[in-house]
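In: 3D, please:
(2 chains)
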Amino acid sequence: DTEVTQTPKHLVMGMTNKKSLKCEQHMGHRAMYWYKQKAKKPPELMFVYSYEKLSINESVPSRFSPECPNSSLLNLHLHALQPEDSALYLCASSSSSTGYLSTDTQYFGPGTRLTVL
Amino acid sequence: GESVGLHLPTLSVQEGDNSIINCAYSNSASDYFIWYKQESGKGPQFIIDIRSNMDKRQGQRVTVLLNKTVKHLSLQIAATQPGDSAVYFCAENIRGTGANSKLTFGKGITLSVRP
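Out: Below you'll find the predicted structure:
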């Protein structure tokens, strides 16, 4: 099973709203990722969690707040977003094996299509 | 089949032909490479990967070739089918532990299969 699930599939929110995106995997992976993808562009890394700790933050604005409650769940809390934040938000996970030859195939969820009005 | 670099956004092939999608990478420290397929409205789907200690790897109908001398990666799809129509991304991973592993994606190319 290489499934990563994300909810909701679609989200429309105003600039003053607070909402959360959710991601779940049951593959025993210990690294989880948030990406942002604009139309016709490759995914852009936002955050990396490793063993439930934030290990990489790619200088993402504070209106995006990640949270990793446990090894299977990853949330992205949204507040005071801008219209330019509209995009497909992708979650991924990988085994995060350590060592010289890390096997870090990332498996992606279907994404949440976010529209900010 | 046809081959095209990632600076061209679309590759159009006839159903049944072979497709070749090329990718140039710039970081000689990259040691792991992945091809993803992304269909409209979906997340990227893992196709095949290859490590830098290999130059070829085969999967079901797909082959990935790695030329480290010229930093070039290609994906070959045999007997292309309509279901292969999608955007294809190459991604490179720089050597390191999994905890801080980062993938860098190429620009992506759209494969369009003509019936």
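In: can you pull out the low-pLDDT segments for chain B?
Out: Within chain B, the ranges that satisfy pLDDT under 70 run B:1-8, B:95-101.
In: for it, which segments count as strands?
Out: Counting by DSSP state E, chain B has strands at residues B:2-4, B:10-14, B:19-24, B:30-38, B:45-51, B:56-58, B:62-67, B:72-77, B:86-94, B:103-105, B:109-114.
In: put together a markdown table for those, with distance to residue A:5 on each row.
Out: Glycine gets a C-beta too; all of them are placed from N, C-alpha and C. Converted to a markdown table, the strands of chain B look like this (distance: least, CB to CB, whole Å):
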| stretch | distance to residue A:5 |
| --- | --- |
| strand B:2-4 | 35 |
| strand B:10-14 | 31 |
| strand B:19-24 | 29 |
| strand B:30-38 | 17 |
| strand B:45-51 | 14 |
| strand B:56-58 | 29 |
| strand B:62-67 | 26 |
| strand B:72-77 | 27 |
| strand B:86-94 | 21 |
| strand B:103-105 | 21 |
| strand B:109-114 | 27 |
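In: can you tell which of those strands is closest to residue A:79?
Out: The closest of these to residue A:79 is strand B:103-105. By CB to CB, the value is 27.5 Å.
In: so what touches that closest one?
Out: A:42-43, A:45, A:104, A:106, B:27, B:30, B:34, B:36, B:89-94 (CB atoms under 8 Å, 6 or more residues apart in numbering or on different chains).
In: the strands of chain B into TSV, with extra columns for mean neighbour count?
Out: TSV is the format used below for those (neighbours: other CB atoms under 10 Å in any protein chain shown):
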stretch	mean neighbour count
strand B:2-4	13
strand B:10-14	15
strand B:19-24	20
strand B:30-38	22
strand B:45-51	17
strand B:56-58	13
strand B:62-67	18
strand B:72-77	20
strand B:86-94	22
strand B:103-105	20
strand B:109-114	17
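In: to residue A:21, which of these lies closest?
Out: That would be strand B:30-38 among the strands of chain B, by CB to CB, at 18.7 Å.
In: contacting residues around the closest one?
Out: If you take CB under 8 Å, 6+ apart as the criterion, strand B:30-38 is touched by A:101-106, A:108, B:21, B:25, B:44-52, B:62, B:64, B:66, B:73, B:75, B:84, B:86-95, B:103-105, B:108.
In: can you give me how far that strand is from the chain middle?
Out: 6 Å (CA atoms, centre = their mean, to the nearest Å).
In: can I get it as CSV, trimmed to CA atoms?
Out: Output of strand B:30-38 as CSV, limited to C-alpha atoms (Å, rounded to 0.1, in the frame of the first residue of the first chain):
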residue,chain,number,x,y,z
SER,B,30,22.7,14.3,-7.0
ASP,B,31,22.8,10.6,-6.4
TYR,B,32,19.2,9.5,-6.8
PHE,B,33,16.7,10.3,-9.6
ILE,B,34,13.0,9.7,-9.9
TRP,B,35,10.5,10.0,-12.7
TYR,B,36,6.9,11.0,-11.7
LYS,B,37,3.8,11.0,-13.8
GLN,B,38,1.1,13.6,-13.0
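In: that'll do, ta.
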